[in-house]
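> below: sequence and its predicted model.
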Amino acid sequence: MTQTNNNMTVNPDLAMERAKCNFNVLEVTHIFDGGERNTLQRKKIEDVALNSGASKDALGEEHMSPKEKYENAVRKSCIYATMMKNELAELSGLESFGVSSPVIRRTADAFFKEVSPFLLHLGMFVPTIMGQCTPEQQSYWLPRALDMQIIGTYAQTELGHGTFIRGLETTATYDPETEEFVLHSPTLSSYKWWAGGLGKTVNYCIVVAQLYTKGECHGTHPFIVQIRDEDTHVPLPGIKVGEIGPKMGFNTADNGFLGFDHYRIPREHMLMKNAQVLKDGTYVKVARHGKLTYGTMVFVRVVLVNEVAFNLAKASTIAVRYSAIRRQSKPKPDEVEPQILDYVTQQHKLFIAIATAHALQLCSTWLWESFSAVLAQMKGGNTDTLPEFHALSSCLKAISTSDSAHLIEQCRHACGGHGYMISSGIPNLYNFVSATRTYEGDYTVLLLQTARFLVKAYEQAEAKKPLTPTVSYLAHAFSGSRATWDNSPDGIIRSFQALAAGKTAVCVTNMRKRMRAGLSQVDAWEMSTIQLVAAAEAHCRAVIADTYRKEIVRLTANSSPNVKVVMDQLTTLYLYYWALERTGDLLMFTSVSQKDLVDLQIAYEELLLKIRPNAVGLVDAFDLRDELLHSTLGSYDGRVYERLMEEALKSPMNKEPVSDAYSKYLRPMMKGKL
Ligand SMILES: CCCCCCCC/C=C\CCC/C=C/C(=O)SCCNC(=O)CCNC(=O)[C@H](O)C(C)(C)COP(=O)(O)OP(=O)(O)OC[C@H]1O[C@@H](n2cnc3c(N)ncnc32)[C@H](O)[C@@H]1OP(=O)(O)O
Ligand SMILES: Cc1cc2nc3c(=O)[nH]c(=O)nc-3n(C[C@H](O)[C@H](O)[C@H](O)COP(=O)(O)OP(=O)(O)OC[C@H]3O[C@@H](n4cnc5c(N)ncnc54)[C@H](O)[C@@H]3O)c2cc1C
């Protein structure tokens with residue numbers, strides 16, 4: 001593993017762990033990166049972007065005021081954007097996630113402990129131009145946006161509505177006299193709220209508004225809107241814009257609010273790939289599918305699976321390395337205190353985080369490939385695969401973000417008190433990832449979208465109609481008997497599918513019962529939503545487990561024997577862990593016995609012990625440079641206590657021997673003079 005400083009002194013416990021590792025770390029890095037070529041290019045990009053030291057701050061971000069933090073983030077965003085245009089442009093021809101490769105995105109993390117104010121520009125503004133504009137519109141806007149001559153964001157959510165897009169209140173009313181749209185915010189709740197970079201950074205944004213023409217509402221549509229002067233950056237007349245205030249995370253993203261007072265934009269600023277308003281105000285629907293204007297959200301949901309896998313890899317690297325150097329308690333009085341990584345409960349907290357990072361990384365690549373296939377079909381006018389893909393991307397977004405947030409918090413628990421320090425790096429990771437569970441579609445809301453699809457698919461299976469690939473297992477849902485338990489990996493995956501099928505069947509049965517008892521379809525659905533969410537979750541787990549297993553078998557076909565073994569151990573761990581988390585469901589829907597579950601628990605514990613000697617090697621294989629980790633606990637050299645003290649000494653509170661608070665408050669109070 002390459003490190004920036006080859007002469008570093010490494011903590012002896014970490015050195016011992018690395019000596020113990022029995023597999024080729026670089027081979028696993030290649031698997032995680034999606035191939036050796038990708039690893040080499042990633043390293044080149046990281047070397048160019050990070051070796052100059054431009055990502056470093058003189059004073060830690062955490063000691064800055066909100067305004068200083070923001071300005072510093074803009075400063076570094078500009079440095080990074082300039083690098084992207086120059087040095088990194090040529091290097092970024094990786095297998096890319098559209099606009100900019102995920103590697104470029106990830107490397108940027110070295111520059112920000114929170115996020116860049118440009119995140120929404122690259123993450124949503126540019127993708128919306130690419131996905132929602134006509135070719136003519138694209139040729140005008142895209143070069144300016146890619147060159148950062150204009151900076152934009154995506155303003156959809158309002159104070160009153162985020163989830164329910166059809167309920168948005170901002171209006172865009174066409175005026176054929178002037179060939180303009182008039183944007184207006186009729187109520188307080190119609191103010192745009194949340195868009196990243198909107199507060200102070202951007203001068204353009206995509207605004208999603210209810211389109212009115214010839215007195216008729218045609219639902220929500222996207223518009224490109226200039227909100228600040230291109231030279232002075234002053235908000236334009238008719239625009240009310242500002243920053244929304246401190247948040248749990250994202251504090252360098254200047255999330256903003258935006259209101260319109262009869263603000264006029266040219267007709268051509270409606271993004272017209274999927275629907276058009278002609279000069280005379282005639283509305284023309286172009287797209288075959290009604291939800292294509294939601295395309296940018298689908299894109300980001302796909303990207304987020306990869307994003308959270310990466311952040312989980314970071315948290316597990318920090319927690320595993322720290323657990324290797326931390327020694328605590330003395331279970332055997334005659335022996336030295338063990339490394340906390342030797343506690344089986346610690347392994348239980350951490351190894352699932354490593355396995356999940358792999359599972360999500362591989363699923364994200366598979367999801368991206370499926371997305372590319374759906375896009376290619378849609379280019380030819382075929383939208384048949386979109387419903388299945390929407391169901392799939394919705395549940396994978398929901399489960400990957402939720403699991404990652406939970407496991408990052410578990411990594412913090414695993415680091416004891418020191419994990420609570422900002423300097424450990426884990427709180428910032430958690431704050432970032434916990435937001436991903438909410439934005440781009442809340443967890444519950446997205447799982448209910450998947451559930452709609454599952455119920456329909458179940459009904460198709462019942463009618464013996466053909467099923468789409470991700471739900472083909474529903475064809476076996478009507479055998480009448482419980483699925484046969486078998487603790488092989490394929491057997492466990494079949495059991496997960498049986499759980500998903502069983503739970504979907506329960507929902508359908510309950511809804512039908514409720515409707516027979518007089519409830520409307522909507523009310524019967526509502527009463528079943530706890531179970532519908534559980535069914536969608538079970539479906540997603542089955543998809544992740546199946547994909548993870550298949551991809552690992554494929555990717556390790558030519559690997560060295562020990563890499564095969566350790567990758568197989570991780571996938572098996574993932575399957576055992578989730579089977580043991582769902583024992584109640586397994587008892588309901590499969591033939592598993594109490595003895596089978598006791599045996600599975602023992603097999604799981606033995607697997608933890610087998611993985612233990614390779615744990616540090618496994619997180620080293622994520623190959624995350626110290627600059628990306630921002631962590632006193634997780635650095636490659638393991639100098640944890642030294643770094644914690646160095647960071648503590650940087651605190652502005654330690655600048656003066658006696659705080660001003662002493663003379664102002666403490667002394668008067670203690671002397672009875674307050
Ligand atoms: C690579 C470089 C970049 C790096 C990137 C880094 C990552 C981070 C990037 C950016 C940071 C992002 C910051 C956050 C941004 C935001 O949050 S933007 C706002 C996002 N908002 C949402 O996600 C809102 C969620 N709500 C919805 O999606 C929808 O309202 C809904 C809940 C799905 C319901 O929609 P609606 O009411 O219109 O529809 P229904 O009546 O429920 O359903 C009707 C049928 O349509 C189907 N449907 C719904 N959505 C879609 C879709 N997207 N595609 C296809 N089909 C869809 C639905 O299933 C129904 O079908 P049915 O009738 O057959 O069952
Ligand atoms: C950090 C961050 C950045 C963001 N950035 C942007 C941005 O750049 N641009 C942008 O437009 N938006 C942005 N958002 C907004 C984000 O997309 C919304 O907050 C998100 O979609 C959730 O919608 P909401 O806030 O309306 O939640 P609500 O819908 O009000 O959810 C509240 C609760 O109600 C439940 N609920 C709601 N509807 C249903 C239902 N039908 N059935 C069952 N339960 C339901 C939810 O599950 C949740 O528990 C951002 C949000 C955050 C936190």
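Good, I have the coordinates. Numbers count the residues shown, from 1 in each chain. Ligands and ions are numbered 1, 2, ... in the order given.

> test my guess that residue 194 contacts residue 244.
Yes - counting by C-beta atoms under 8 Å, residue 194 does reach residue 244; the two are 6.9 Å apart. For glycine as for every other residue, the C-beta is placed from the backbone atoms N, C-alpha and C.

> who are the contact partners of the residue of the stretch 201-350 of the chain found nearest ligand 2?
Residue nearest to ligand 2 within the stretch 201-350 of the chain: residue 250 (4.4 Å; C-beta to the nearest ligand atom). Going by C-beta atoms under 8 Å, 6 or more residues apart in numbering, residue 250 touches 114, 115, 196, 431, 432, 435.

> same question, residue 81
Residues near residue 81 by C-beta under 8 Å, 6+ apart: 118, 148.

> how about 6 Å then?
By C-beta atoms under 6 Å, 6 or more residues apart in numbering, residue 81 lies in contact with residue 148.

> repeat for residue 306
Applying C-beta under 6 Å, 6+ apart, the residues near residue 306 are 102, 364.

> now do the longest helix anywhere in the chain, average pLDDT.
Taking DSSP state H as the assignment, the helix of the chain that covers the most residues is helix 344-379. Mean pLDDT, helix 344-379: 97.

> same question, stretch 101-113
Rounded mean pLDDT across stretch 101-113 is 86.

> taking the chain, what residue is nearest to ligand 1?
Counting by C-beta to the nearest ligand atom, the chain gets nearest ligand 1 through residue 123, at 2.9 Å.

> part of a helix, is that residue?
Yes - the assignment for residue 123 is a helix, going by DSSP: H, G, I helix; E, B strand; the rest coil.

> name the nearest residue to it, ignoring sequence neighbours.
Once flanking residues are discounted, residue 123 sits nearest to residue 300: 6.2 Å by C-beta to C-beta, 6 or more residues apart in numbering.

> pretty sure that neighbour sits against residue 440.
Yes - with contact defined as C-beta atoms under 6 Å, residue 300 reaches residue 440; the gap is 5.0 Å.

> near ligand 1, which residues of the stretch 401-550 of the chain? Just list them.
439, 440, 441, 445, 449, 452 (C-beta under 6 Å from any ligand atom).

> tell me the secondary structure at the fourth one.
Per three-state DSSP, the secondary structure class of residue 445 is helix.

> what about it, how many neighbours?
For residue 445, the count of nearby residues is 15 (other C-beta atoms under 10 Å).

> can you tell me the element the residue lying closest to it once chain neighbours are set aside falls in?
The shortest distance from residue 445 to any non-neighbouring residue, by C-beta to C-beta, 6+ apart, is to residue 163 (5.1 Å). Under the criterion DSSP states H and E, no helix or strand holds residue 163.

> residue 442 versus residue 163, what's the distance?
According to C-beta to C-beta, to the nearest Å, residue 163 and residue 442 sit 6 Å apart.

> number of residues surrounding residue 217?
Close neighbours of residue 217, defined as other C-beta under 10 Å, add up to 11.

> isn't there a helix covering it?
No - assigned with three-state DSSP, residue 217 falls outside any helix and is strand.

> quick one: residues contacting it.
Contacts for residue 217 (C-beta under 6 Å, 6+ apart) come out as residue 210.

> what pLDDT does residue 222 get?
At residue 222, pLDDT is 98.

> that one reaches residue 133, doesn't it?
No - counting by C-beta under 6 Å, residue 222 does not reach residue 133; the two are 9.2 Å apart.

> need the overlap of contacts for these two.
residue 271.

> now do the contacts for residue 182.
173, 175, 262, 264.

> mind listing which of those residues are in strands?
Among those, DSSP state E puts 173, 175, 264 in strands.

> what mean pLDDT does stretch 442-455 have?
Mean pLDDT, stretch 442-455: 98.

> how about that stretch: buried residues?
Judged by neighbour count using 16 or more other C-beta atoms under 10 Å, the buried positions of stretch 442-455 are 443, 444, 446, 447, 448, 449, 450, 451, 452, 453, 454, 455.

> and these near ligand 2, which?
Within the buried residues of stretch 442-455, those near ligand 2 by C-beta under 6 Å from any ligand atom are 444, 448.

> name the nearest of the buried residues of stretch 442-455 relative to residue 634.
Checking those against residue 634 with C-beta to C-beta, the nearest one is residue 443 at 27.6 Å.

> where's the residue nearest to that closest one when sequence neighbours are not counted, which helix or strand?
Of all residues not flanking residue 443 in the chain, residue 398 sits nearest, at 4.7 Å (C-beta to C-beta, 6+ apart). Here residue 398, judged by DSSP H and E, is contained in helix 386-414.

> helix or strand right after the helix or strand bottoming out on mean pLDDT in the chain?
Lowest by mean pLDDT, DSSP states H and E among the helices and strands of the chain is helix 87-91, with a mean of 74. With elements assigned by DSSP H and E, the helix or strand that comes after helix 87-91 is helix 102-108.

> and stretch 159-172, how far apart are its ends?
18 Å (C-alpha to C-alpha, to the nearest Å).

> chain center to that stretch: distance?
Relative to its parent chain, stretch 159-172 has a centroid offset of 24 Å by C-alpha atoms, centre = their mean, to the nearest Å.

> next, the buried residues of it.
In stretch 159-172, counting by 16+ other C-beta under 10 Å, buried: 159, 161, 162, 165, 168, 169, 170, 171, 172.

> many thanks, we can stop here.
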